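In: Here's a sequence, model it:
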Amino acid sequence: MNSKIEIMEWSRFTFEEWLKQYGAWISINRMRGGHEPDQLEINQIYWLAREKEAKIRPNSKQVIIEISDFEALQVEKLIYDLKHSKTICKFAKPAVNLFIEKWVCGLSLDQMAERFKLSRSSINSMLYAGEFYLAGHDKRLKLNKKFAFK
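Out: Sure, this is the predicted structure:
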């Protein structure tokens, strides 16, 4: 009775890409009317219509899912752990939460500024702070940025 143990390979994507993939995974599960992640059975007709399309229409905001259910659940667990972590100080939590929200929901800076009632530059600064805080907090995650300094 040997069981297969799945191991998460975090180096496959950057953290932003993992969050984008997770956001797309949530959307697909909602469209299909499945029971993950929160039992929303909405817009099944839309999904059926999309299956009839011959090919994927090019769109810069469209994300093609490349992760498995196991990987999506691991990302979900990581997000939960980050949001409920006692080791992240109370001043960094808003920046971390904004960073996660931006990539999971696929929001632009303008959409975030409108949603959170902050200036665009404040949102941008908080996103960088959240990203670098997470990179220092969890060494498994890699950044997508090239540093101007070395």
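
In: check contacts around residue 70.
Out: If you count contacts by C-beta atoms under 8 Å, 6 or more residues apart in numbering, residue 70 has them with 6, 8. For the C-beta atoms, the positions are set from N, CA and C on the backbone; glycine is no exception.

In: tell me which element it falls in.
Out: Here residue 70 sits within helix 69-83, counting by DSSP states H and E.

In: For that helix, buried residues please.
Out: Across helix 69-83, burial judged by 16 or more other C-beta atoms under 10 Å covers 71-76, 78-79, 82.

In: In JSON lines: these, plus pLDDT and distance to residue 24.
Out: Rendered in JSON lines, the data for these read as follows (pLDDT from 0 to 100; distance: C-beta to C-beta, whole Å):
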{"residue": "71", "pLDDT": "92", "distance to residue 24": "12"}
{"residue": "72", "pLDDT": "91", "distance to residue 24": "9"}
{"residue": "73", "pLDDT": "91", "distance to residue 24": "14"}
{"residue": "74", "pLDDT": "93", "distance to residue 24": "15"}
{"residue": "75", "pLDDT": "92", "distance to residue 24": "11"}
{"residue": "76", "pLDDT": "92", "distance to residue 24": "13"}
{"residue": "78", "pLDDT": "92", "distance to residue 24": "16"}
{"residue": "79", "pLDDT": "91", "distance to residue 24": "14"}
{"residue": "82", "pLDDT": "89", "distance to residue 24": "19"}
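
In: As a check, name the ranges of all helices in the chain.
Out: Residue ranges of the helices in the chain, as given by DSSP state H, are 15-32, 44-52, 69-83, 93-105, 109-116, 120-137.

In: Mind checking those helices for the one nearest to residue 6?
Out: Counting by C-beta to C-beta, residue 6 lies closest to helix 69-83 out of the helices of the chain; the figure is 5.0 Å.

In: just the CA coordinates of that closest one, formatted as PDB?
Out: Taking C-alpha atoms only, helix 69-83 is exported to PDB below (Å, rounded to 0.1, in the frame of the first residue of the first chain):
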ATOM      1  CA  ASP A  69      -5.800  21.200  -8.300                       C
ATOM      2  CA  PHE A  70      -3.100  20.100  -5.800                       C
ATOM      3  CA  GLU A  71      -1.000  23.200  -6.700                       C
ATOM      4  CA  ALA A  72      -4.000  25.500  -6.500                       C
ATOM      5  CA  LEU A  73      -4.800  24.200  -3.100                       C
ATOM      6  CA  GLN A  74      -1.200  24.700  -2.000                       C
ATOM      7  CA  VAL A  75      -1.300  28.300  -3.100                       C
ATOM      8  CA  GLU A  76      -4.600  28.700  -1.300                       C
ATOM      9  CA  LYS A  77      -3.100  27.300   1.800                       C
ATOM     10  CA  LEU A  78      -0.100  29.700   1.500                       C
ATOM     11  CA  ILE A  79      -2.400  32.700   1.000                       C
ATOM     12  CA  TYR A  80      -4.400  31.600   4.100                       C
ATOM     13  CA  ASP A  81      -1.200  31.200   6.100                       C
ATOM     14  CA  LEU A  82       0.000  34.700   5.000                       C
ATOM     15  CA  LYS A  83      -3.200  36.400   5.900                       C
END
